[in-house]
Structure formats: C-alpha cells, structure tokens
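>>> What shape does this take:
(one chain, ligands or ions: 1)
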Amino acid sequence: MAAVKTVSLTKEYSNGEHYLRAVDDISFTVEENEFVAIMGSSGCGKTTLLNLLGGLENPTHGCVYINDVDITQLSMEERSSFRRWHIGFIFQNFNLIPEMNVFENIVLPAKLMERNISKKEVMRIAEELEIEEKLLQNPMTLSGGQQQRVAIARAIYTHPTILLGDELTGNLDSTTSISVMKFLKKMCKKYSQTMIIVTHDERIAAMADRIIQMKDGRVV
Ligand SMILES: Nc1ncnc2c1ncn2[C@@H]1O[C@H](COP(=O)(O)OP(=O)(O)OP(=O)(O)O)[C@@H](O)[C@H]1O
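Numbers count the residues shown, from 1 in each chain. Next up, the predicted model:
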C-alpha cells in the first residue's frame, strides 16, 4: 500500500481576473517508510503541495490518498480527526501555543487523542533534540531554532504514519540541521513512518531516499 498517492492534484488561486495554478496536475506515489524531499525555486508550489497532502487546503481538482483514504472526500471534522491520528505537520512558522509551556505543547496532540502521556518518552525526545532544559519554559522565550525543535518534538511524539515538514530545519545551523534530520530518519525507521519535507537545503535533500523537483506547479 502506498502511504501517499496523489491523482491529477491541482490547486488554482484566483488573483482578481487571473488564475494561478500553484499545483498543476501532479500525480505521484510515496511508499511506506520512504523519505522524500521536495525541492524547487521560490513560488513553484512546494508549500501548497504539502498543505494539500496534509489536508490543510482543498484541491481545485484531483485527489489525495493517505493510507488508501481519499482525504479530499472527508468532511472538515473527519479530516481533522484523520489528520490528528495519521499526520504530523511541522509548519514553517512552528504554530506553538504561547499559553502553554514547552512540555504541554509537545504532548498536546497526544492529549487530544486521549492517549496516556509518558514523561519519560517526552524527555527522551527532548534530549535528542537538546531542548530538555526548556520543557517548563514558555515557547515564546526560546530562540527560533529551539522553537523549531519543539515543533518537531510535538509532531513526532505521537509517531504519526506520515510526517510532513515545511523547511523544518530552516532556523537551525547546518550541524544541528543534519543531526536533527539523522534523528528524524532514525525515528521514521523505528516507527515505520513516511516523511515528506520541503527544503531548499541540498545537504538535507541528499539525506532523502528520493528528491521530487518542482517547477511552475509541476513535478519535473
Ligand atoms: N492563498 C493564496 N492565494 C493566492 N495565491 C497564493 C496563495 N498561496 C500561495 N499562492 C501563490 O501560489 C504560488 C505557490 O506558492 P507556494 O507558497 O506554494 O510556493 P513555494 O514553492 O512554497 O515558495 P517558497 O519556497 O518561497 O516558500 C505562488 O505564486 C504564491 O504567490
């Protein structure tokens, strides 16, 4: 079974009189346990594609299958529940909740899934990401790179089958980026996860099993 499959996936935005095809008729498959990097110049549609894969936007045409479920056919409510159980999303702007401390942010998706929280497991992940001393702090008091690692910890704590990341190491220096990616690869292997990331960083992309190159909304 493919972990992710898109069929003629298309997203058009209207800018007044004009239509822009940010994602233009993309069909591809990502296998279970595969690590794919999406690359391409600014504005070519990478973030839009990732948002469609994660069900955060509706396509104009086409379908997205995640674990054989066409998420474009789900209601908003069904899609949020599906996303919670199957997809981990690491956003470019982190989306951390300022009213909660770092620990509470990391375990929030698991709480929403009504799972038991293991402090030991949070600690293990936090140590790998070198944020173990920040767990009781407000995330807004952390550096951009530290906030990014909190967002990564939150996305992986529930071990989602699909991990989607938009420039997930964009705020980290190159040594930290590589070590974070090595850790994510190890976790994906251990928990049979599939990882799809958008990156501009050639060294990060080189760690992937496959690179998908985009140009003007298409896979080239
Ligand atoms: N909500 C929107 N409304 C109108 N146009 C949009 C919207 N979101 C994205 N676009 C346009 O769609 C195109 C693709 O944008 P997208 O953010 O997917 O590109 P990208 O490859 O991720 O770029 P970058 O590498 O700079 O982040 C761009 O021309 C952008 O202006």
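>>> CA atoms for contacts and neighbours, from now on please.
Noted.
>>> Kindly report the residues of the chain close to the ligand.
Residues of the chain found near the ligand (C-alpha under 6 Å from any ligand atom) are 13, 22, 41-48.
>>> how about a cut-off of 8 Å?
13-15, 20-23, 40-49, 198, 200, 214, 217 (C-alpha under 8 Å from any ligand atom).
>>> I'd like the distance between the nearest residue to V23 once chain neighbours are set aside and E17.
Of all residues not flanking V23 in the chain, G217 sits nearest, at 4.1 Å (C-alpha to C-alpha, 6 or more residues apart in numbering). Noted for G217: a distance of 19 Å to E17, by C-alpha to C-alpha, to the nearest Å.
>>> out of these two, which sits in the more crowded spot?
Counted by other C-alpha atoms under 10 Å, G217 and E17 do not tie: G217 has more neighbours, with 23 against 5.
>>> all strands of the chain, in order?
In the chain, the segments counted as strands under DSSP state E are 2-15, 18-31, 35-39, 61-66, 69-70, 87-90, 162-166, 194-198, 210-215, 218-219.
>>> any idea which of these scores lowest on pLDDT?
The minimum mean pLDDT among the strands of the chain belongs to strand 87-90 (a mean of 92).
>>> And it, how far out from the chain middle?
Between the centre of strand 87-90 and the centre of its chain there are 4 Å (C-alpha atoms, centre = their mean, to the nearest Å).
>>> And for stretch 205-216?
Worked out by C-alpha atoms, centre = their mean, stretch 205-216 lies 15 Å from the chain centre.
>>> distance between the ends of that stretch?
Span of stretch 205-216 from end to end, C-alpha to C-alpha: 20 Å.
>>> Would you mark the buried spots in it?
By 16 or more other C-alpha atoms under 10 Å, the buried positions in stretch 205-216 come out as 205, 207-208, 211-212, 214-216.
>>> Tell me which residues are up against that stretch.
With C-alpha atoms under 8 Å, 6 or more residues apart in numbering as the test, stretch 205-216 has contacts from 22-24, 34-41, 43-46, 199, 219-220.
>>> re the thing from before, from the buried residues of stretch 205-216, which is closest to K182?
M207 (8.4 Å; C-alpha to C-alpha).
>>> All set, thanks.
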